[in-house]
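Enquirer: based on what follows, work out the 3D shape:
(one chain, ligands or ions: 1)
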Amino acid sequence: MKNMDRLFVLKSLMQHRHLKNYLEIGVFNGHIFFRIKSNFKIAVDPDFVFGNGRKAIKLLLNPYNRYNQYFEKTSDDFFAQDGPRLFQNKKIELALIDGMHECDYVIRDVEHTLNHAAPNAVIVLHDCNPLSAEAACSFKEWNYPGTWNGDVWKAILYFRSQRKDLTCFVLDADQGLGIIVKQPATTLLPYDKEQISQFTYQDLALNRAEWLGLQPSDYFYDFFKIGA
Ligand SMILES: C[S@@+](CC[C@H](N)C(=O)[O-])C[C@H]1O[C@@H](n2cnc3c(N)ncnc32)[C@H](O)[C@@H]1O
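Expert: Numbers count the residues shown, from 1 in each chain. Below is the predicted model:
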């Protein structure tokens with residue numbers, strides 16, 4: 001059994017679900033982005049942590065990197081300025097959302113991605129399952145370089161409460177891998193945005209499994225009907 005992390009999930013979905021067109025929001029040094037094999041790869045980050053040297057090395061290691069399109073800007077600016085043109089004819093099939101880990105940003109990133117997504121698209125969110133109040137703090141409170149998951153978990157709770165057209169759950173792997181697909185929800189939680197904004201890390205700790213739809217990592221194979 002492979003160690004399940006975001007790279008494994010993304011690669012498996014590309015291989016077994018034939019998802020190609022890839023968007024990554026929050027790319028950092030390209031640790032994941034440069035490994036993706038697709039001829040339509042979009043990188044969005046206001047602060048890329050790589051230059052031409054690293055790009056050249058990554059091109060040698062993975063020839064698909066010649067197709068990379070880089071947008072060094074916030075995801076909000078990207079969707080406002082570039083999204084409509086870029087995704088007019090090519091819809092997003094696979095996305096990793098891993099930018100600003102604050103609930104409102106994550107909700108916007110997911111909603112904007114959904115607007116340009118194919119019916120069979122899969123959205124993967126990193127950092128959905130913080131294991132301490134420190135890791136779940138706000139960006140302002142973050143004590144760099146400690147782990148920072150922020151309150152991405154509140155975005156998961158929002159989609160599990162408000163979007164009956166979406167299936168949303170979290171795999172218990174790699175700091176919580178959120179999965180969102182355009183498939184009607186089987187159950188909806190009862191919370192609105194205002195209530196969710198008032199919840200604390202302690203509330204999450206008491207309701208973790210239900211609020212996140214937390215699933216063992218092997219559930220990935222069952223849900224997507226992929227042989228382990
Ligand atoms: C955790 S890192 C991404 C790691 C990368 N996805 C990986 O898996 O290795 C988060 C990145 O989000 C970027 N970021 C912060 N605010 C953002 C925003 N508003 N839009 C897009 N990216 C943002 C940061 O510059 C940082 O590089």
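Enquirer: show me the shaky parts of the chain.
Expert: Low-confidence segments of the chain, defined by pLDDT under 70: 1.
Enquirer: measure the most centrally placed residue in it to residue 103 for me?
Expert: Nearest residue to the geometric centre of the chain (Cα atoms, centre = their mean): residue 125, 2.3 Å. Distance of residue 125 to residue 103, given as Cβ to Cβ, to the nearest Å: 11 Å. Bear in mind the C-beta positions are built from the backbone N, C-alpha and C, glycine included.
Enquirer: neighbours around residue 194, how many?
Expert: 7 (other Cβ atoms under 10 Å).
Enquirer: that one belongs to a helix, doesn't it?
Expert: Yes. Per DSSP: H, G, I helix; E, B strand; the rest coil, residue 194 lies within a helix segment.
Enquirer: list the buried ones in the strand ranked longest in the chain?
Expert: The strand that spans the most residues within the chain, counting by DSSP state E, is strand 117-125. Within strand 117-125, the residues that count as buried by 16 or more other Cβ atoms under 10 Å are 117-118, 121-125.
Enquirer: which neighbours do residue 125 and residue 103 have in common?
Expert: 152, 155 (Cβ atoms under 8 Å, 6 or more residues apart in numbering).
Enquirer: how about residue 208, nearest residue that isn't a chain neighbour?
Expert: residue 214 (6.0 Å; Cβ to Cβ, 6 or more residues apart in numbering).
Enquirer: for that neighbour, list each beta-bridge partner.
Expert: Residue 214 has the following beta-bridge partners by DSSP bridges: residue 170.
Enquirer: residues in contact with it?
Expert: 129, 169-170, 172, 176, 208.
Enquirer: same thing but at 6 Å, please
Expert: 170, 172, 208 (Cβ atoms under 6 Å, 6 or more residues apart in numbering).
Enquirer: my guess is the residue nearest to the centre of the chain meets residue 176, correct?
Expert: No. Contact criterion Cβ atoms under 6 Å: residue 125 and residue 176 do not qualify, at 8.2 Å.
Enquirer: please report the distance of the residue nearest to the centre of the chain from residue 58.
Expert: 24 Å.
Enquirer: pull out the buried positions in stretch 20-39.
Expert: 20-27, 30, 32-34, 36, 38.
Enquirer: using CSV, write out the CA atom coordinates for it.
Expert: The C-alpha coordinates for stretch 20-39 follow below in CSV (Å, rounded to 0.1, in the frame of the first residue of the first chain):
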residue,chain,number,x,y,z
LYS,A,20,-5.5,16.1,-17.5
ASN,A,21,-6.0,19.8,-17.3
TYR,A,22,-4.3,20.9,-14.0
LEU,A,23,-4.5,24.0,-11.8
GLU,A,24,-2.5,24.6,-8.7
ILE,A,25,-3.2,27.5,-6.4
GLY,A,26,-0.4,28.1,-4.0
VAL,A,27,2.7,26.5,-5.6
PHE,A,28,5.6,27.7,-3.4
ASN,A,29,8.8,26.0,-4.7
GLY,A,30,6.9,23.7,-7.1
HIS,A,31,7.5,20.6,-5.1
ILE,A,32,4.2,19.1,-6.4
PHE,A,33,3.6,21.2,-9.5
PHE,A,34,6.8,20.3,-11.3
ARG,A,35,6.0,16.6,-10.9
ILE,A,36,2.6,16.7,-12.6
LYS,A,37,2.5,15.2,-16.1
SER,A,38,0.0,17.2,-18.2
ASN,A,39,0.3,19.4,-21.2
